[in-house]
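Q: Coordinates for the following, if possible.
(one chain, ligands or ions: 1)
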Amino acid sequence: MHDFLFKNGELCCENVKISDIARKAGTPFYLYSHKTLSDHFLKIQRAFAPLNPIICFAMKSNGNLNVIKSLVDLGAGIDIVSIGELGKALLAGADPRKIVFASVGKTEEEIAFAIETGILLFNVESEPELAEINRIAAKMNRKVQAALRINPDVPAPTHEYTNTGSLKKKFGIDLRTTRQIFKGQSKYSHVKINGVHIHIGSQITSGAPFVGAIKKVVAFIDSLRAEGIRIEYLDIGGGLGIIYKDENPQTAQAYADKVVPILEKTGLKIIMEPGRFIVGNAGIFVTKVLYIKDNGVKKFVIVDGGMNDLIRPTLYDAYHEIVPVVQTRTGRQKCDVVGPICESGDFFAHDRLLPKVGRNDLLAVMSAGAYGYVMSSNYNVRPRVPEVMVKGNKFKIVKERETFKDLMRGEKIVAW
Ligand code: LLP
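A: Model (predicted):
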């Protein structure tokens, strides 16, 4: 469900015509619906209400200050992975006591800043990292809380690059080592290890992998508790899949129906880290057709957006629906939708049957709210595009397009 719908043949975001936004913002740009992202957050909040979990939005999926602020205003916490994300979360007004910090490679500077900020939990991904957090906390004369991210070694049916819960991947700590750490926790004088964290992967559309992982981790926690170890928090990660094409993902309620009964019995304080579920379908990427080229073998629709703006199609072979913003022309054509970048991997769609389009038409690349703008780059010296948010019948540019000056900042010709 989302709020990008056609009204009188024109694609609108909530009550605003996208063509009006394009006139003001120029193309390409990212566009977010405040209503869709709020609705998706509230769906999770409602479905999991019996547990009253801390819902930490995974800001790696969308780091726009206004997106974060909108969710923080609804009570969200934030799942961060870097000092930069922590800084932005604080700027958006997030409560440090609702911030959790995962990352396999936290630096000394990041750990110290997170301690100073007073975040809720470090989600620790290795034994040496735990020792380092302990050392830095001792130096700062502080005691911090940590959850151990376990790698439950369960299969997750998703793209190889977004599958994290197997021991062939760099994430988390194996069960045997986790048990040893809990049993020997007295040696970490400045860390209270009182939680367990899992995150098995992203864009997982069925419930079974989550249920399997949660059952496994709950049984593991039971066995630790039987040995007298105290645990307060269980962070079940993110990963809920969304509809890009013809997926039939479980709803938040169906997910909750399966896992709430298991989690309720534990009496643990539950943390969740959804990213894509909240913002994926709350954002689109809008680009303009520059040229049409037919080389006798293929038809190419060449647009002004490129793989530097939205890398998911080429990086994960991800499908994003593409629709003309204004439906004026009749008929369909099979084409490749490609950008201006000097790589054959610069595409949004291959051999896609699209309504006929012509020069200057606007195209909406749907479901681009998660892992869109945040993964964009300046490849080919292209400025990052603006981000726009709609709320009701208003729209605002919430991040400006980069300028040539932005692109050149910090770079200079040196004298030798
Ligand atoms: N928690 C942790 C520890 C994570 O690593 C992630 C995502 C999440 C939560 C949020 O997962 P979500 O609910 O969004 O599935 N760039 C890829 C996705 C990478 C996911 C990274 N970790 C893509 O575009 O599909």
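Q: Surely Cys13 and His34 touch.
A: No: using C-beta atoms under 8 Å as the test, Cys13 is too far from His34 to be in contact (9.4 Å). Using the backbone N, CA and C atoms, a C-beta is placed for each residue, glycine as well.
Q: Looking at the two, which is more packed in?
A: Cys13 (29 against 21; other C-beta atoms under 10 Å).
Q: Now the more buried one: closest residue in space that isn't a chain neighbour?
A: Val390 (4.3 Å; C-beta to C-beta, 6 or more residues apart in numbering).
Q: just checking, that neighbour is part of a strand?
A: Yes: counting by DSSP: H, G, I helix; E, B strand; the rest coil, Val390 is found in a strand.
Q: Tell me how far it lies from the ligand.
A: Distance of Val390 to the ligand, computed by C-beta to the nearest ligand atom, to the nearest Å: 22 Å.
Q: neighbours around that residue, how many?
A: Val390, neighbours per other C-beta under 10 Å, totals 23.
Q: so who does Ile136 touch?
A: By C-beta atoms under 8 Å, 6 or more residues apart in numbering, the residues touching Ile136 are Glu108, Ile111, Ala112, Ile115.
Q: Repeat the analysis, applying 10 Å as the threshold.
A: Lys106, Glu108, Glu109, Glu110, Ile111, Ala112, Ala114, Ile115, Arg142, Val144, His190, Val191 (C-beta atoms under 10 Å, 6 or more residues apart in numbering).
Q: Please name the residues that touch the fifth one.
A: Looking back up the chat, that one is Ile111. Ile111 neighbours (C-beta under 10 Å, 6+ apart): Ile83, Phe101, Phe122, Glu129, Glu132, Ile133, Asn134, Arg135, Ile136, Ala137, Met140, Val144.
Q: out of these, which are inside strands?
A: With strands taken from DSSP state E, the overlap with the contacts of Ile111 comprises Phe101, Phe122, Val144.
Q: The ligand contacts on the stretch 301-416 of the chain?
A: Arg312, Tyr316, Ala370, Tyr371 (C-beta under 6 Å from any ligand atom).
Q: Can you pull the residues of the protein lying near the ligand?
A: 58, 60-61, 79, 102, 162, 199, 202-203, 237-240, 273-277, 312, 316, 370-371.
Q: out of the residues you listed, which are inside strands?
A: Short answer: the residues of the chain next to the ligand in strands (DSSP E) are Ala58, Asp79.
Q: Tell me which residue of the stretch 1-150 of the chain lies closest to the ligand.
A: Ala58 (3.5 Å; C-beta to the nearest ligand atom).
Q: quick one: that residue from Ala415, how far?
A: Distance check for Ala58 against Ala415: by C-beta to C-beta, to the nearest Å, it reads 45 Å.
Q: neighbour count winner among the two?
A: Using other C-beta under 10 Å as the criterion, Ala58 and Ala415 rank with Ala58 on top: 27 against 4.
Q: Can you name every helix or strand that the strand ranked longest in the chain contacts?
A: Criterion DSSP E: the longest strand present in the chain is strand 283-294. If you count contacts as 3 or more C-beta pairs under 10 Å, 6 or more residues apart in numbering; DSSP states H and E, strand 283-294 packs onto strand 10-13, helix 18-25, strand 29-33, strand 299-303, strand 322-324, strand 332-338, strand 362-365, strand 387-391.
Q: Fine, thanks again, bye for now.
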